[in-house]
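> Starting from these lines, generate the structure:
(chains A and B)
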Amino acid sequence: MTALLHVQDLKTRFFMRDGVIRAVDGVSFSMAAGETLAIVGESGCGKSVTSLSILRLIASPPGRIVGGRILFEGRDLLTLTEDEMRAIRGDAISMIFQEPMTSLNPALTIGWQIAESLVLHRGLSKADAMTKAVEMLHKVRMPEPVRRARQYPHELSGGMRQRVMIAMALACSPRLLLADEPTTALDVTIQAQILELMRELASETGAAIILITHDLGVVAEMAQRVVVMYAGRKVEEAPVEQLFAHPRHPYTSGLLGSMPHLGHSLQDRSVKRLVEIPGMVPSLREEHPGCLFAPRCPNAIARCVQEVPPLAAHGAGHSAACWNPMV
Amino acid sequence: MSAAREVLLKVDGLRKHFPAKAGLLSRGVKVLAVDGVSFSIHEGETLGLVGESGCGKSTTGKLILRLLDPTEGQIEWRGRRIEQLNRAEMRPVRRELQAVFQDPYASLNPRMRAADIVAEPLRNYESLGAGEVRTRTANLFERVGLRADQLLKYPYEFSGGQRQRIGIARALALRPSLIVCDEPVSALDVSVQAQVINLLMDLQAELNLSYLFVAHDLAVVEHISHRVAVMYLGKIVEIAPKQTIFTQPQHPYTVALLEAVPVPDPTRRKQRRALGGDVPSPIDPPSGCRFHTRCPHVEQRCRREEPPLQEVSPGQWVACHLRQPVA
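Sure thing, here's the model as predicted:
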């Protein structure tokens, strides 16, 4: 079976006045149709830039994709013209952003914002597209979809706006959905509703999802496979159970340990301290000869600051870029 | 927390009503941000205050700090009423009552050097010589894990986690007894969040500090708190020792909140029963129990009568008609 998406050695850089930022530095991964892949990492690790690169939405200047290939259903998206790309966005590949308020147009009704892609990509008449938009609102369980379709974004709550975003993204039945921190701006009970909705709709429509998040709880609930990024590079990739049970990269292990878990401080009085990852993320402006995590790494050895560790296999579908991995 | 410890802060029937946006038709409309909140905090204790956006948790913190004046209710500091004190009368209390805010970018003056930010309370409240201010500032820097060579830097030269350390050093400068922490780690990445949580807990152990820890992240609150209060639409619906509230939550909202938290363990994927609907508006909150519009166990009485906060097990107070008080 050919992969739905195959990202190969992607390099995205930002050319700033005071230097070049290597936001994504040689990232590769692939995914099958219908699969949910999570990309996790902390701010500035390049997870959002990776997803924007796939849709070729990197603002240029200052950004530019300087290397790699992005094969979607066998076609390299990086070789397409802007018109060809526009035909793909919102149709075969669509995206949900973190902040529904800033990603919706405040001057258009939500019904029309959903209908627009149907007119554009499916050639529907305005009336038909509006009918379909109401159907989509019904599908994302918007209360009173007919009335809501005529409302503007400011009349909706945060959770409802995110439902609108999902309805927009799924209107044309995409094969790939990019979801960039889709629930980060939402309260926890609303987050639970939205995650459940995404899971249901994905299994119903067969859309593959790239879920970009910093929240390992969301990853554990949603993903089948996980890519961990640090400072623009992929440091580990594994099936989700494998990643949580046996993280091999010290950064992944540190991330899992630094997160307070519900219930942990109750069971064991000795679990007083959270695992700290000392220091902070390195500057992406400078070139680093070795592993970018080495200065913060408890496992670091001499080799780590001299040579970039390649991804090494640790069992089926599991790889980590580390010279001295966790056992 | 043992009852033998001194009660530092006691809040009784606290209310804050804001006038809703003054439109022509909305005259006299009020937002019931905090609507009858009572609790106390003991010496050396951390009280976690949780709830979703708009529940009034941050407003409660601001009322205690007297950054806002209460509409009604009492605030007692070491047995003395402080809600009516004027600026001059508040001065000695302010030394003991400090704050750490959520946004480490917005809460530091960008034109001041880090050392001056931390020294400002010393200059305002203590008559110290320049040399002594410098020594105390340097000690504070060291205490929160900042380096001496960072004293003369400006806020923009620090990362988010370091800025939060500056904010903590400033709060510690006058050797306070209680620090109101309003979402102190929610803007930070997980690995840095762990550093700041560990620091706050170390400082508490060392200086016998009390915290009012306002946050939405339940795992963080569980980790750091001794007791936890859950707020919904301006009211406390449940307050109990952490062990009790996290293992035997009694209010249906507390139960729903805990259930909604994603568990970072892919082998325990939840079949969640997500709480439906949105949080109603605090301008026109539901009659009776404010949670009745979303409560899975709602009864006739819940729509009419407001449930009082009653003790259902030792130290556990719940505002729900369906829970029996202890005899």
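> now the strands for the stretch 201-327 of chain B?
Here the stretch 201-327 of chain B has its strands, by DSSP state E, counting those that start in this stretch, at B:210-214, B:227-232, B:235-241, B:310-313, B:316-318.
> so where is the stretch 151-300 of chain B shaky, pLDDT-wise?
Within the stretch 151-300 of chain B, the segments meeting pLDDT under 70 span B:270-273.
> How many residues are close by the residue of chain A found nearest chain B?
Going by C-beta to the nearest C-beta, chain B is nearest to A:G217 of chain A, at 3.2 Å. For the C-beta atoms, the positions are set from N, CA and C on the backbone; glycine is no exception. Residues lying near A:G217 (other C-beta atoms under 10 Å in any protein chain shown) number 20.
> Regarding it, what is its secondary structure?
helix (DSSP: H, G, I helix; E, B strand; the rest coil).
> got the buried residues for stretch B:164-184?
Within stretch B:164-184, the residues that count as buried by 16 or more other C-beta atoms under 10 Å in any protein chain shown are B:164-174, B:176-184.
> hmm, back to that, may I see the strands of the stretch 201-327 of chain B arranged in CSV, with distance to chain A as well?
Converted to CSV, those look like this (distance: least, C-beta to the nearest C-beta, whole Å):
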stretch, distance to chain A
strand B:210-214, 13
strand B:227-232, 10
strand B:235-241, 11
strand B:310-313, 16
strand B:316-318, 15
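> quick one: which of those is nearest A:E181?
strand B:210-214 (22.8 Å; C-beta to C-beta).
> quick check: angle from that closest one to strand B:227-232?
30 degrees (axes from the mean of the first three to the mean of the last three C-alpha atoms, to 10 degrees).
> And the contacts of strand B:210-214?
B:8-9, B:41-50, B:57-58, B:60-61, B:64, B:177-184, B:200, B:204, B:221, B:224-225 (C-beta atoms under 8 Å, 6 or more residues apart in numbering or on different chains).
> From one end of stretch A:150-160 to the other, what's the distance?
14 Å (C-alpha to C-alpha, to the nearest Å).
> pLDDT of that stretch, averaged?
Average pLDDT, stretch A:150-160: 88.
> Can you list the buried residues in it?
A:153, A:156-160.
> just stretch B:302-312 next, same as before
For stretch B:302-312, by 16+ other C-beta under 10 Å, it's B:302, B:307, B:309, B:312.
> still on that earlier bit, so what's the closest residue in space to the residue of chain A closest to chain B that isn't next to it in sequence up against?
Leaving aside its chain neighbours, A:G217 sits nearest to B:P262 (3.2 Å; criterion: C-beta to C-beta, 6 or more residues apart in numbering or on different chains). Contacts for B:P262 (C-beta under 8 Å, 6+ apart) come out as A:191-192, A:195, A:215, A:217-218, A:220-221, B:270.
> Among those, which one sits closest to A:E116?
Nearest to A:E116 among the contacts of B:P262, with distances taken as C-beta to C-beta, is A:L195, at 26.3 Å.
> how much space between the closest one and A:L211?
10 Å (C-beta to C-beta, to the nearest Å).
> got the residues of the stretch 201-327 of chain B near chain A?
Selection of the stretch 201-327 of chain B residues close to chain A by C-beta under 8 Å from any C-beta of the partner chain yields B:201, B:216, B:218-220, B:222-223, B:242-243, B:246-247, B:256-267, B:269-270, B:272, B:274-276, B:278-279.
> Tell me which of these fall in helices.
B:201, B:218-220, B:222-223, B:242-243, B:246-247, B:256-260 (DSSP state H).
> Out of the residues you listed, which end up buried?
Counted by 16+ other C-beta under 10 Å, those give B:201, B:218-220, B:222-223, B:242, B:246, B:256-260 as buried.
> now the residues you listed as JSON lines including distance to B:L322?
Shown next, in JSON lines, are these (distance: C-beta to C-beta, whole Å):
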{"residue": "B:M201", "distance to B:L322": "36"}
{"residue": "B:L218", "distance to B:L322": "22"}
{"residue": "B:A219", "distance to B:L322": "27"}
{"residue": "B:V220", "distance to B:L322": "29"}
{"residue": "B:E222", "distance to B:L322": "24"}
{"residue": "B:H223", "distance to B:L322": "30"}
{"residue": "B:K242", "distance to B:L322": "23"}
{"residue": "B:F246", "distance to B:L322": "20"}
{"residue": "B:A256", "distance to B:L322": "14"}
{"residue": "B:L257", "distance to B:L322": "17"}
{"residue": "B:L258", "distance to B:L322": "17"}
{"residue": "B:E259", "distance to B:L322": "17"}
{"residue": "B:A260", "distance to B:L322": "20"}
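> OK, contacts around B:L152?
B:113-115.
> May I ask which of those residues has the most neighbours?
Ranking the contacts of B:L152 using other C-beta under 10 Å puts B:A114 first, with 25 neighbours.
> Next, the contact list for B:L172, please.
With C-beta under 8 Å, 6+ apart, B:L172 has these contacts: B:98, B:140, B:143-144, B:203, B:207.
> Next, A:A312: secondary structure please.
strand.
> Run through the bridge partners of it.
A:A320 (DSSP bridges).
> Was I right to think it contacts A:N324?
No: in this structure, A:A312 is not within contact of A:N324 by C-beta atoms under 8 Å, at 11.1 Å.
> hmm, back to that, which one's more surrounded, A:L195 and A:L211?
Ranked by neighbour count (other C-beta under 10 Å), A:L195 and A:L211 place A:L211 first, with 29 against 22.
> just to revisit the earlier point, between the contacts of B:P262, which is closest to A:V49?
A:D215 (18.6 Å).
> Distance of that closest one relative to A:L156?
24 Å.
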